[in-house]
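> pasting a predicted model and its sequence here:
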Amino acid sequence: MDEINKKIEYLRYLRDIGETEIPLSSSAEIGKTNAPNSTEGNIEMNEPNEEKKPTGSDLESVDRKRKILGEIVGEVSRCTKCQLHKSRTNPVSGAGNPSADIMFIGEAPGAEEDKQGIPFVGRAGKLLDKILAACELTRDDIYITNILKCRPPKNRDPLPAERTACMPYLLAQIDTIKPKVICCLGRIAAQSILQTKIPLGKLRGQVHRFRGTSLIVTYHPAAILRNENFKRPTWEDFKFLLKIVKEQKAKG
Ligand code: SF4
């Protein structure tokens, strides 16, 4: 029964991310897993939305977090700590739930994000929304940001000096939101945060620690748009993510 449920979950995920046909490789692989420490058994996909009613002090805490995150937005908008401030149209600080259990961290804003000042609104962002929907999550359930708050010209990789200059804003966001789990989207985010050169493939499927918080790694949605072979492992990573969130919530 577990195997059947896994297949159904995966088919639902493929449908949610816009697949109209099952690729031959996927149909052969349905039900298998390739994440090293991937989940055993099934994930209750609606777990993250099963929130208890907020108390008065919860609401105060959310207001306080929202205020601090607003101050970070202000600081980022005035920031000239690296050269990227000269070429940006809009800084992109971050968006989402100030008390999110899951915080996603990508690399840097792209063209559309730079235009709108909102993270993950281009094609990759739309794919991320679909993956979230397959997990019964919306943007209101999560917080999302990037290593860099300003777009590098022509979407080049962030330079070490730019990462160093921008990192305090990300650390302040993590310390304010205090997510249960951080999920790095892509190699640049993962390697920058974990300060490692280990390839993304080897960082996936395990729980890392950063600032006292569990951290997992998956592909950037832009990478999935370039290579559809990443769809299946990404699904495994998201199931793994939900499992870790559930475990962290159970610990309190
Ligand atoms: S990328 Fe970060 S450090 Fe550089 S100008 Fe923008 S906000 Fe400041």
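All right, it came through fine. Numbering: from 1, shown residues only.
> P199 against A190, yeah?
No: here P199 does not reach A190: they are 9.5 Å apart, not a contact under CB atoms under 8 Å. Just so you know, the C-beta spots here come from the backbone N, C-alpha and C atoms, and that holds for glycine as well.
> looking at the two, which has the bigger crowd around it?
Per other CB atoms under 10 Å, whichever of P199 and A190 has more neighbours is A190, with 27 against 11.
> how about that one, secondary structure?
Assigned state for A190: helix (three-state reduction, DSSP: H, G, I helix; E, B strand; the rest coil).
> look up the pLDDT of it for me, please.
A190 carries a pLDDT value of 98.
> enumerate every residue touching it.
If a contact means CB atoms under 8 Å, 6 or more residues apart in numbering, then A190 has 184, 196, 200, 203, 217 as its contacts.
> how does it look with 10 Å?
Residues in contact with A190 (CB atoms under 10 Å, 6 or more residues apart in numbering) are 105, 107, 147, 182-184, 196, 198-200, 203-204, 208, 215-218, 220.
> just Y13 next, same as before
Y13 sits in contact with 19, 45, 130-131, 133-135, 231-232, 234-235, 238-239, where contact means CB under 10 Å, 6+ apart.
> re the thing from before, the contacts of A190 also near the ligand: which ones?
Among the contacts of A190, no residue sits close to the ligand (CB under 6 Å from any ligand atom).
> show me those residues that map onto helices.
Secondary structure assignment by DSSP state H places 200, 203 of these in helices.
> PyMOL command to pick out the buried ones of the contacts of A190?
Below is the selection syntax for PyMOL that covers the buried ones among those, with 16 or more other CB atoms under 10 Å defining burial:
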select buried, resi 105+107+147+182+183+184+200+203+204+208+215+216+217+218+220
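> just the contacts of A190: which are in strands?
With strands identified by DSSP state E, the entries of the contacts of A190 that belong to them are 105, 182-184, 208, 215-218.
> so can I have TSV of the residues you listed showing pLDDT?
Output for the ones in strands among the contacts of A190, formatted as TSV (pLDDT from 0 to 100):
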residue	pLDDT
I105	98
I182	98
C183	98
C184	98
H208	98
L215	98
I216	98
V217	98
T218	98
